[in-house]
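J.: Dropping a prediction and its sequence here:
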Amino acid sequence: MVFRGRREERREERREERHGEREATRYQMRQRMISIGDDYTIENDRGERVYKLDGKALRVRKTIRFEDMDGRELYKIQERMLRVRDSMEIEAPDGHRAALVQKAMIDPVRERWEIKTDGPDMKIQGNIVDHEYTIERDGHKVAEISKRWFRVRDTYGVEVFPGEDDILILAATAVVDTMAHPDR
């Protein structure tokens with residue numbers, strides 16, 4: 001018992017060293033999150049519904065509205081048509097492009113994706129299909145996506161590290177899920 005308490009203390013110390021004073025925030029998402037025309041809510045680590053995704057049906061290209069729980073649009077996600085690579089754009093409410101998410105050209109070993117932003121770009125690497133991947137910027141991990149945190153079927157978590165734009169990371173995760181599973 002004494003060792004267990006000490007182990008928890010060391011784990012907490014390492015977490016603080018990695019992320020500063022504030023801990024990373026975890027969100028709960030579901031596999032097959034959006035099929036166009038459906039709505040989906042995202043919960044935080046306390047089980048509170050914090051965001052919702054609204055898939056718009058009957059459009060020429062895939063469109064998803066990312067909203068807060070009061071219905072205010074935070075981002076609009078749209079499929080980019082007529083591109084060499086599959087890509088989706090994350091647009092802010094004022095109409096400017098916040099990010100462009102696209103699959104890397106060729107990588108036979110593993111799936112890689114890019115998130116192009118006004119600032120430094122981010123890279124997504126890992127097992128996209130099984131929801132076990134990381135998002136990095138300049139070689140530093142900014143988010144981790146994993147199914148192993150939940151025992152519920154079709155559920156995965158998104159852990160966003162302190163100082164990052166949680167909403168943009170969650171929107172990019174929704175884009176990757178939509179693009180990686182086009183038949184859903």
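T.: Structure's in. What do you need?
J.: From now on I want contacts and neighbour counts done on CA atoms only, so please keep to that.
T.: OK.
J.: Shouldn't Val175 be within a strand?
T.: No. Val175: not assigned to a strand; according to DSSP: H, G, I helix; E, B strand; the rest coil it is helix.
J.: Distance of it relative to Ile77?
T.: 8 Å (CA to CA, to the nearest Å).
J.: Give the residues shared as contacts by these two.
T.: Common neighbours of Val175 and Ile77 (criterion: CA atoms under 8 Å, 6 or more residues apart in numbering): Met88.
J.: Stretch 172-181 - what's its average pLDDT?
T.: Stretch 172-181 shows a mean pLDDT of 83.
J.: in it, what counts as buried?
T.: 172-179, 181 (16 or more other CA atoms under 10 Å).
J.: for the chain, what spans make up the strands?
T.: Using DSSP state E, the strands of the chain run over 25-30, 39-44, 49-56, 63-68, 73-79, 87-91, 97-103, 111-117, 122-127, 132-137, 140-146, 155-160.
J.: Would you format those as TSV with mean pLDDT included?
T.: Putting these into TSV (pLDDT from 0 to 100) gives the following:
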stretch	mean pLDDT
strand 25-30	86
strand 39-44	84
strand 49-56	85
strand 63-68	88
strand 73-79	90
strand 87-91	90
strand 97-103	92
strand 111-117	87
strand 122-127	91
strand 132-137	93
strand 140-146	93
strand 155-160	89
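J.: Distance to Leu168 and mean neighbour count added to those strands, as TSV?
T.: Below are those laid out as TSV (distance: least, CA to CA, whole Å; neighbours: other CA atoms under 10 Å):
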stretch	distance to Leu168	mean neighbour count
strand 25-30	13	20
strand 39-44	13	17
strand 49-56	12	20
strand 63-68	10	23
strand 73-79	8	21
strand 87-91	8	24
strand 97-103	8	22
strand 111-117	10	19
strand 122-127	11	20
strand 132-137	12	19
strand 140-146	11	20
strand 155-160	10	22
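J.: In CSV: those, plus distance to Ile167.
T.: Below are those laid out as CSV (distance: least, CA to CA, whole Å):
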stretch, distance to Ile167
strand 25-30, 11
strand 39-44, 11
strand 49-56, 9
strand 63-68, 9
strand 73-79, 8
strand 87-91, 11
strand 97-103, 11
strand 111-117, 14
strand 122-127, 15
strand 132-137, 14
strand 140-146, 12
strand 155-160, 9
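J.: of the buried residues of stretch 172-181, closest to Thr41?
T.: Nearest to Thr41, judged by CA to CA, of the buried residues of stretch 172-181 is Ala174 at 11.4 Å.
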